[in-house]
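S.K.: Need a 3D model of the sequence below.
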Amino acid sequence: MRRTAVLAAVLLLGAREGEAKTRVGLAPLSIPMSVRQMGMGEMGMGGTDVLRSWANPALLVDQTTKGEAALGGHSLFAGESTTANVGLGWKPAHWLAAGVLVGYNTLSVPEVDATGAETAKSLGQDTYSVGIVGAAGTGLLNVGLAIKMAGESVDGESAGGIALDAGLTLGTPTFRIGASLRNMGPSVWESGGTEPVKEAMPLEVRTGMAAQIWKLGVGAELAAPSGRQASLGAGVEYWLTSHLGLRAGAAGIGGDGGMRITAGLTGVYRGINLDYALGTHELGISNRVAVSYAFWGPAQARPAIDWKALRFKLNYSVEKSPEDSAKAEEAAAKTETTAEKAAEEPARKPEPVESSREKPVAGGINLAVLDLTPQGVSASDASVITDMIRGALVKTGAVNVVEKQNMDKILAEQAFQQTGCTTEECAIKMGKLLNVQRIMVGSFGKLLDKYMVNVRVVNVETGKVVYADSAGGRTTENLEDQLTSLAERVARKLR
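M.R.: Next up is the predicted model:
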């Protein structure tokens, strides 16, 4: 067991030999799989990448795409320790997710004799883990469970077992708290040696919180493994653009191994994410890299909760009297009878509406806003965002926005096919038919967990783009505020 003790001392950062004799040595199970997690001070909360669910299974249901595959690895102790991780997540519905996680770690160190001198032999340790994860939730409350098999082989001696991880998260996308209980299960077994030892996997409790303020994310998490000092990890993440994110943090605060400084970055291009992180260590610098790919498009969006309507319904149900309830039921019955009679009457033809084009109003430019092109989102969602932009432009009072219904009627009279009109040349033809000076085109899509709107304003007479701008937000509320600012900028340009 002397050789196992030396190896465990390296892995556990200074563990005493007496402790190592009773410890199986599954320390790599506590190493984060996620490179993004490592860059943010090894805190699991505050992210949605599939490898992060190794720290808390409930995080998997926050996955922003229907499918995600990730491959990661790291090097430590000048290459003497290497790790490879694989993750696969699938989200068939907005409230349900499943995944598979696989981790492998190998370590090779020189053997030492009784005097502490290195011998010609090397000691090796191989640690593996395989987990199946399931998660479900409404977004406000998510729960997850992982069943995993883990084991190790140390210089001819082996150990292995099965364990469970359970986790939950509570809150909104802007502020969330979470907790997980890891490595619950029966004892593991060790073969070889004169005194076989049976011992449970190292139990670990993790609790944390994270907040997201537009492009900035912050958080902290406390890890309390059994038999060791609890430690705190904290980190910050900032997205310079939708394609580049930066991270920094501190891990192991107050723990046995001392504080470790971490940093990292992520580059995003067409669903491909390249992550890098490094961390200080008393035995050297740890470098980690991961690449992941998001496929099958954005995950089905969770139904939005109308808090104002819910609050009104609750207040009304509390304040109304029994007489009010009776009146409401009577009114509902009358409404139903009226609807039935209306259905029996022959349908009346709508009154003809006089055809007319939008006339310029003094002091303003006539502007038509075409429906945004959906990119990874539904056409109905793109139409809603377009209406929000029209409304925000109208509120500025600086431009004359063609009303959607009139625009459709004029184009229908001219037998102009709007479907498929996504080019600027087509938009110019449409603008001339509508008799406007400017026309706005653009797109609406979702990249990772951020909504993006890109618009261009085209001069109908010259065909030149006179203004281009964009807006983005991680929540619909945040996006609405950004669209208001976007409309004000457009109005100032066209004023």
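
S.K.: which residues touch the nearest residue in space to I253 that is not next to it in sequence?
M.R.: The shortest distance from I253 to any residue other than its chain neighbours is 4.2 Å, reached at L232 (Cβ to Cβ, 6 or more residues apart in numbering). Glycine gets a C-beta too; all of them are placed from N, C-alpha and C. By Cβ atoms under 8 Å, 6 or more residues apart in numbering, L232 lies in contact with A220, E221, L222, A223, I253, G254.

S.K.: Kindly recompute the last result at 6 Å.
M.R.: L222, I253, G254 (Cβ atoms under 6 Å, 6 or more residues apart in numbering).

S.K.: part of a strand, is it?
M.R.: Yes. Under DSSP: H, G, I helix; E, B strand; the rest coil, L232 falls within a strand.

S.K.: Name the single longest strand found in the chain.
M.R.: strand 118-137 (DSSP state E).

S.K.: And that one, how far out from the chain middle?
M.R.: Offset of strand 118-137 from its chain centre (Cα atoms, centre = their mean, to the nearest Å): 27 Å.

S.K.: and that strand, which residues are buried?
M.R.: Neighbour counts using 16 or more other Cβ atoms under 10 Å place L123, Q125, T127, Y128, S129, G131, V133, G134, A135, A136, G137 of strand 118-137 among the buried residues.

S.K.: Ok, stretch 169-180 next?
M.R.: For stretch 169-180, burial by neighbour count (16+ other Cβ under 10 Å) applies to T169, L170, G171, P173, R176, G178, A179, S180.

S.K.: which one of the residues you listed sits closest to A382?
M.R.: P173 (21.0 Å; Cβ to Cβ).

S.K.: For the nearest residue to the closest one once chain neighbours are set aside, give its distance to L140.
M.R.: Sequence neighbours aside, T475 is the residue nearest to P173 in space, at 5.5 Å (criterion: Cβ to Cβ, 6+ apart). For T475, the distance to L140 (Cβ to Cβ, to the nearest Å) stands at 13 Å.

S.K.: Domain-wise, how is this structure divided?
M.R.: What automatic domain parsing lists as the domains of the chain is 26-111+122-187+202-298, 365-494.

S.K.: hey, which of those is tucked in deepest?
M.R.: Across those, averaging neighbours per residue (mean count of other Cβ atoms under 10 Å) puts domain 26-111+122-187+202-298 on top, at a mean of 20.

S.K.: Would you mind checking the average pLDDT for that one?
M.R.: Domain 26-111+122-187+202-298 shows a mean pLDDT of 88.

S.K.: so P92 is in which element?
M.R.: Using DSSP states H and E, P92 maps to strand 81-93.

S.K.: Compute the inter-axis angle for that strand and strand 118-137.
M.R.: 10 degrees (axes from the mean of the first three to the mean of the last three Cα atoms, to 10 degrees).

S.K.: circling back to that earlier point, from memory the residue nearest to P173 sits against G139, does it?
M.R.: No. Using Cβ atoms under 6 Å as the test, T475 is too far from G139 to be in contact (10.9 Å).

S.K.: so where do the helices sit in the stretch 101-250 of the chain?
M.R.: For the stretch 101-250 of the chain, applying DSSP state H, counting those that start in this stretch gives no helices.

S.K.: thinking again about what came up before, just the closest of the buried residues of stretch 169-180 to M452, please.
M.R.: P173 (16.1 Å).

S.K.: now that closest one: how far from R288?
M.R.: For P173, the distance to R288 - Cβ to Cβ - is 26 Å.

S.K.: Likewise for P32?
M.R.: Using Cβ to Cβ, P32 is found at 9 Å from R288.

S.K.: Just checking: what are the partner strands of the longest strand of the chain?
M.R.: The strands beside strand 118-137 in its sheet (DSSP bridges) come out as strand 96-112 (antiparallel), strand 141-154 (antiparallel).

S.K.: Just put those strands in TSV and tack on distance to V402.
M.R.: Formatted as TSV, these follow (distance: least, Cβ to Cβ, whole Å):
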stretch	distance to V402
strand 96-112	43
strand 141-154	44
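
S.K.: so which of those strands gets nearest A294?
M.R.: Closest of the strands paired with strand 118-137 to A294 is strand 96-112, at 13.5 Å (criterion: Cβ to Cβ).

S.K.: Residues contacting the closest one, please?
M.R.: Residues from elsewhere that reach strand 96-112, judged by Cβ under 6 Å, 6+ apart: 3, 10, 28, 33, 50, 54, 60-61, 63, 80-91, 118-119, 121-136.

S.K.: now do stretch 260-273
M.R.: Identification of contacts with stretch 260-273 by Cβ under 6 Å, 6+ apart yields 38-39, 41, 243-252, 274-280, 292-294.

S.K.: same thing with stretch 455-467?
M.R.: Contact with stretch 455-467 is made by 424, 427-428, 431-432, 437-442, 468-469, 493, as judged by Cβ under 6 Å, 6+ apart.

S.K.: need these in CSV with secondary structure, can you?
M.R.: Below are the contacts of stretch 455-467 laid out as CSV (three-state DSSP):
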residue, secondary structure
E424, helix
A427, helix
I428, helix
G431, helix
K432, helix
Q437, coil
R438, strand
I439, strand
M440, strand
V441, strand
G442, strand
A468, strand
D469, strand
K493, helix
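
S.K.: which pair in those spans the largest distance?
M.R.: Pairwise distances across those (Cβ to Cβ) peak at 23.7 Å, for the pair K432 and D469.

S.K.: Distance check, Q212 against Q375.
M.R.: 23 Å.

S.K.: cool, S226 as well?
M.R.: S226 is 48 Å from Q375, by Cβ to Cβ.

S.K.: elements contacting the helix or strand where A368 lies?
M.R.: A368 is part of strand 365-369 when elements are defined by DSSP H and E. The contact analysis (3 or more Cβ pairs under 6 Å, 6 or more residues apart in numbering; DSSP states H and E) places strand 365-369 against strand 399-401, strand 438-447.

S.K.: From the buried residues of strand 118-137, pick the one nearest L448.
M.R.: So of those, ranked by how close each gets to L448 (Cβ to Cβ), first place is A135, at 18.4 Å.

S.K.: Next up, the contacts around that closest one.
M.R.: P57, A58, L60, V61, A97, G144.

S.K.: Looking at those residues, spot the one nearest L486.
M.R.: Nearest to L486 among these, counting by Cβ to Cβ, is V61 at 31.4 Å.

S.K.: isn't that closest one right up against G137?
M.R.: Yes. Counting by Cβ under 6 Å, V61 touches G137, with 4.8 Å between them.

S.K.: sorry, back to before: need the overlap of contacts for P32 and R288.
M.R.: Between them, P32 and R288 share these contacting residues under Cβ under 6 Å, 6+ apart: M38.

S.K.: Flag the shaky bits of the stretch 301-450 of the chain, pLDDT-wise.
M.R.: Within the stretch 301-450 of the chain, the segments meeting pLDDT under 70 span 301-363, 417-420, 422.

S.K.: what are the ranges of the helices in it?
M.R.: When assigned using DSSP H, counting those that start in this stretch, the helices of the stretch 301-450 of the chain occupy the ranges 307-319, 322-344, 379-396, 404-413, 424-434.
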